[in-house]
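need the 3D shape of this:
(one chain, ligands or ions: 2)
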Amino acid sequence: MTDLLSLSNLRTQFKTERGAVKAVDGIDLTVEPGETVGLVGESGSGKSVTALSAMDLIDDPGEIVDGRITLRDAALAASLLDEFGNALVPYPSGLVEAVSSLGGDLRAGNRPRNASAELRGMADDLDRDADPADLAADLRDAADRLAEGAPPEDVGGALAAALDDAADGFVYVDDDARARLRDGTAPSDVEIREGVVDVTSAPEAAVRRIRGGEMGMIFQDPMTSLNPAVTVGEQIAESLRLHRYGGQKKDSWLNGIREILPKIGGRKGDEEVMDEVVRMLQAVGIPEAKQRVNDYPHEFSGGMRQRVLVAIALACRPNLLIADEPTTALDVTIQAQILDLIDDLQEDFGMSVLMITHDLGVVAETCDRVAVMYAGEIVEEGPVEEIFHNPSHPYTYTLLESIPTEDKERLTPIEGNVPDLIDLPEGCHFAPRCPWAEDRCLEGEIPDLQHGPEDVDHRAKCVHESFDKAAYGTEGVEAGGEADVGDPLVEVRGMRKYYQQEDGPLDRVVGGGDRSVKAVDGVDLDVRERETLGLVGESGCGKSTAGRAILHLDPPTDGTVVFAGEDLGSLSKSELRKRRKEMQMVFQDPMSSLDPRMTAGQTIMEPLKIHGLAEGHRRERVFELMEAVGLERAQYGRYPHELSGGQRQRVGIARALAVDPDFIVADEPVSALDVSVQAQIINLLEDLQEEFGLTYLFIAHDLSVVRHISDRVAVMYLGEIVEVADTDDLFETPKHPYTRALLSAIPEPDPLADTGDRTILRGDVPSPIDPPSNCRFRTRCPSIIPPDDLDIDQERYREVMFYRQRLEAGDIDLDAIESEVRIESESSPAAVADGGAAATDEHPALFEYFFDGPLPEEARAVVAESFEHLKNDRWDRAEATLRETFESVCEREHPRLGERDHPAACHLHDE
Ligand code: SF4
Ligand code: SF4
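Ligands and ions are numbered 1, 2, ... in the order given. Below you'll find the predicted structure:
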């Protein structure tokens, strides 16, 4: 056994008034050193509870009720033995593991074959070894009782009690070390070759040492995981002090004094910690880390905050990183940055990763092995290629089938929902949703069968060796066919939506300039009858604002929106209200967009009342709508919290349909849903479009979904449309560099896909208060156009422009850069020697910092001159020097979208 982390027979439950919620129900999982293991499944499958259990972070009313969590780490074992008096377990880890696993099976009511013989064998082995607590006698007693037919639950309980008494302690070591320790040798004098720590039995003080020290964790939402009142540097330092700089023994007076000393004068220790903090921030790609250690979380962008979380998790160089949906809250571009970062750091630090995610694309790209969870159990496990190319459990197969891909005309969702974890179905928990269920699936233990090549560990918990996939998903399939698209129903011209910023008192006196947020800035767009126009772009690009402005829910500041031949801006309030009947919106989060005090039926009926429709037979009309969106009549009286996410979204759609609209703006309607439920809603939207001749503006950041559902796609960046094309055309031949970067960042749900030439954009979307001049993408564009007469390759030119941007923003701290380059050269001299500095002896640190390779002579001379100005605090001259030589057409001239079939607002594609 070489696994670093091992979970065996883990059961975690939450007490509720209705009974115990079995969130994790007897799983076995291992992570080897250096390995990345993915844990996937729908919401409610138990993934995150597994992660929290592994860190021993389950709080009331939750409890780990059974099973073991162990970490294999000799150094950790040695230090815990040193620190905690009664930590040593006087028995080998393998034996305790075997007894505990057998006991777990028995307690669950199973009677494994040969259990008596196994117990006797273990007892015999113990006789030959030391057996300080006479465990052998208990094992023989259990074997006899089993042979006599005693209930397995009772025997299992007796075994657990015997183990508890005998294996007091939580650190296991190899036989030689154990013998010496038991002889009374001090732990510091014993060489420990193998050590295993039982996290489940360790006292809280020891677990705190392990958590954040040996195991790091990244959570989903960086804003809620960081303390807003503490600087990011201090948050990383806190973890370092606790785990690496002697702060862990808070109870020891000597350590208390050690901790205080640096703060009351001798700064040595703290300086060391802060140097390490800077190093960590650099490692996770925070520029000028030294300058930013004193910033607060709100001063960082979303992507940067997630990097800070990675830095905190890795500050103590953990052997294991548990990443719980680390990129779910991020855009695809930032997701690509963070996954790339975790991958690089994993290689540098040699750690293992347990990656918890519902995104199968992320799993395919990052993991070596995958475990698929359903209703608290692992139902399939194997190497990533096997799971994706030979899925052998019906759940895994149907989950993969529900992902939108380019070749699927229609998606095949998994019908139904994850079962109630209090009242799980007998036999296979997936049976109520499984198309291949048989009578034998409905009771008893389901076997864990081996699949794939013999030398590969690929198991699935299902009665079938194989199942017939050919018939799956063919039912109800209708050829999508070409949509019968008509004339433009919505015509948007020059639409702007600005929000005025509140001026501060100083601004009011001296004049604050134009502080308006230019959320939408000059959009021209047509949406044609019966088509679906996808609108994509990162968060902060103005997609949702554009959707609301088109519907005049939040009327535009400027420009026109013509709907069915009528200018909405020219209508009175009451005329607009009447018109709005024909234009509806479906929102992203059905939980927050539905009134929690209204039942599904009341919610759907509300617009009928507002618009005075279907008087006298409103209830019937609501039932018709419920049927149209796949809700049952019985759900009429249910409140939002009594419905699943998919059902709530159906209510939102039925509500929008109630007034019989022609046009629907769907704002991220499936983003909050699991892939299986997402497929149900996408199919529903497609069916409703066909049935009622609807026109959709479909706003989404998930490009695979957009590709599947849209006839045409418009790409938005910082308030402007930068490209519009038919869907196939856009995905096959994207023109705008932003579209190309977005498409290249989509994770491929295929581990064999080649993603080597992926474009990873730097940074985030700039602020819409002061967007870059002319081409707004120019501050991130990998293809920004150099002046005709300049001899420079694209990559170096991009680097010059990044340097110019920093200079113009006044965002360069020369001291911080010098120290950063020094720290880097100390830790990796070879890497530094490769940089651009080798080519020059002027300003080597600055060249090293800003450039990854040597610049051509002319360009280098100009950059060197600007560095000189900068060092002499002549920022204006530094800027002017650079502008003279490096100014790009992209910053001088605004690229226009143009009138062609497939227009792109980029000078590389000027008409
Ligand atoms: S055991 Fe039966 S119900 Fe469960 S996944 Fe297999 S076929 Fe389906
Ligand atoms: S105009 Fe220039 S900066 Fe803008 S996208 Fe095109 S190449 Fe890039």
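
chain neighbours aside, what residue packs nearest to residue 383?
The shortest distance from residue 383 to any residue other than its chain neighbours is 5.6 Å, reached at residue 369 (CB to CB, 6 or more residues apart in numbering). C-beta: built from backbone N, CA, C; applies to glycine.

just list the residues touching that neighbour, thanks.
Applying CB atoms under 8 Å, 6 or more residues apart in numbering, we find residue 369 in contact with 35, 36, 37, 38, 381, 382, 383, 384.

any idea how far the residue lying closest to residue 677 once chain neighbours are set aside lies from ligand 1?
Leaving aside its chain neighbours, residue 677 sits nearest to residue 646 (3.7 Å; criterion: CB to CB, 6+ apart). Plainly put, residue 646 is 21 Å away from ligand 1 if you go by CB to the nearest ligand atom, to the nearest Å.

what's in contact with the helix or strand where residue 646 lies?
Element membership for residue 646, per DSSP states H and E: helix 645-657. With contact meaning CB under 8 Å, 6+ apart, helix 645-657 is reached by 43, 417, 584-587, 590-591, 593-594, 600, 603-604, 606-607, 622, 625-626, 628-631, 635, 640, 643, 664, 669-670, 672-674, 677, 680-681, 684-685, 688, 692.

the next helix or strand after it pairs with which strands, and in what direction?
Sequence-wise, the next helix or strand downstream of helix 645-657 (DSSP H and E) is strand 663-667. Take DSSP bridges as the rule and strand 663-667 pairs in its sheet with strand 583-586 (parallel), strand 695-699 (parallel).

check the offset of strand 663-667 from the chain's centre.
Distance of strand 663-667 from its chain centroid, counting by CA atoms, centre = their mean, to the nearest Å, is 26 Å.

could you do stretch 133-151 as well?
48 Å.

re earlier: tell me the one of the contacts of residue 369 nearest ligand 1?
Closest to ligand 1 out of the contacts of residue 369 is residue 381 (14.5 Å), distances taken as CB to the nearest ligand atom.

on that earlier part again, what's the separation between the residue nearest to residue 383 and ligand 2?
The gap separating residue 369 from ligand 2 is 40 Å, by CB to the nearest ligand atom.

do you know how far that residue is from residue 361?
17 Å (CB to CB, to the nearest Å).

try residue 793
32 Å.

same drill for these two, tell me which one is more crowded.
Each of residue 793 and residue 361 has its neighbours counted (other CB atoms under 10 Å); residue 361 has more, 20 against 12.

hang on, the earlier thing: which one, of the strands paired with strand 663-667, ends up nearest to residue 894?
Residue 894 lies closest, by CB to CB, to one member of the strands paired with strand 663-667: strand 695-699, at 24.8 Å.

so where do the strands sit in the stretch 151-300 of the chain?
Using DSSP state E, counting those that start in this stretch, the strands of the stretch 151-300 of the chain run over residues 171-173, 195-198, 215-218.

show me what the shortest one packs onto, helices and strands only.
Right, strand 171-173. With contacts defined as 3 or more CB pairs under 8 Å, 6 or more residues apart in numbering; DSSP states H and E, strand 171-173 has these neighbours: helix 74-83, strand 195-198.

averaged pLDDT, the last one. What do you get?
The pLDDT scores in strand 195-198 average 94.

only alpha carbons, please: show it as PDB.
Output in PDB follows, covering the C-alpha atoms of strand 195-198 (Å, rounded to 0.1, in the frame of the first residue of the first chain):
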ATOM      1  CA  GLY A 195       4.100   6.200   9.400                       C
ATOM      2  CA  VAL A 196       0.300   6.300   9.100                       C
ATOM      3  CA  VAL A 197      -1.900   8.800  11.000                       C
ATOM      4  CA  ASP A 198      -5.500   8.000  11.700                       C
END
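
name the residues that touch that strand?
With CB under 8 Å, 6+ apart, strand 195-198 has contacts from 68-78, 80, 89, 93, 170-174, 177, 206, 210.

check contacts around residue 55.
211, 215, 217, 322.

try 10 Å
69, 199, 207, 210, 211, 212, 215, 216, 217, 320, 322, 324 (CB atoms under 10 Å, 6 or more residues apart in numbering).

among the residues you listed, which has the minimum pLDDT value?
For the contacts of residue 55, the model is least confident at residue 212; its pLDDT is 71.

how many neighbouring residues does it have?
Neighbour number of residue 212 under other CB under 10 Å is 22.

and it, backbone torsions?
phi 80, psi -20 (degrees, to the nearest 10).

circling back: dump the strands paired with strand 663-667 to JSON lines, plus mean neighbour count, distance to residue 861 and mean pLDDT.
Formatted as JSON lines, those follow (neighbours: other CB atoms under 10 Å; distance: least, CB to CB, whole Å; pLDDT from 0 to 100):
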{"stretch": "strand 583-586", "mean neighbour count": "24", "distance to residue 861": "57", "mean pLDDT": "91"}
{"stretch": "strand 695-699", "mean neighbour count": "25", "distance to residue 861": "48", "mean pLDDT": "96"}
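
now those strands in TSV, with distance to ligand 2?
TSV is the format used below for the strands paired with strand 663-667 (distance: least, CB to the nearest ligand atom, whole Å):
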stretch	distance to ligand 2
strand 583-586	31
strand 695-699	22
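
and residue 353, helix, strand or coil?
With DSSP: H, G, I helix; E, B strand; the rest coil as the basis, residue 353 sits in strand.

would you list the phi and psi of the nearest residue to it once chain neighbours are set aside?
Excluding the flanking residues, the one nearest residue 353 by CB to CB, 6+ apart is residue 36, at 4.3 Å. For residue 36, the backbone dihedrals (degrees, to the nearest 10) come out as phi -110, psi 120.

circling back to that earlier point, and the helix holding residue 646, how far out from the chain middle?
For helix 645-657 - counting by CA atoms, centre = their mean - the centre lies 26 Å from the chain centre.

quick revisit: just name the closest of the contacts of residue 55 to residue 294, please.
Nearest to residue 294 among the contacts of residue 55: residue 212, at 22.2 Å, using CB to CB.

so the closest one makes contact with residue 313?
Yes: with contact defined as CB atoms under 10 Å, residue 212 counts as touching residue 313 (8.0 Å).

which neighbours do the two share?
residue 239.

tell me the mean pLDDT for the helix holding residue 646?
Rounded mean pLDDT across helix 645-657 is 87.

restricting to C-alpha, output that helix in CSV.
Output of helix 645-657 as CSV, limited to C-alpha atoms (Å, rounded to 0.1, in the frame of the first residue of the first chain):
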residue,chain,number,x,y,z
GLY,A,645,-33.6,23.1,-8.8
GLY,A,646,-34.9,21.8,-12.1
GLN,A,647,-38.5,22.0,-11.0
ARG,A,648,-38.0,25.5,-9.8
GLN,A,649,-36.6,26.5,-13.2
ARG,A,650,-39.6,24.9,-14.8
VAL,A,651,-41.9,27.1,-12.7
GLY,A,652,-39.9,30.2,-13.8
ILE,A,653,-40.3,29.1,-17.5
ALA,A,654,-44.1,28.4,-17.0
ARG,A,655,-44.4,31.9,-15.4
ALA,A,656,-42.8,33.5,-18.4
LEU,A,657,-45.0,31.5,-20.8
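
I'd say residue 376 and residue 48 touch.
No: the pair residue 376 / residue 48 is not scored as a contact, 12.0 Å apart, by CB under 10 Å.

more neighbours, the two?
Ranked by neighbour count (other CB under 10 Å), residue 376 and residue 48 place residue 376 first, with 27 against 18.
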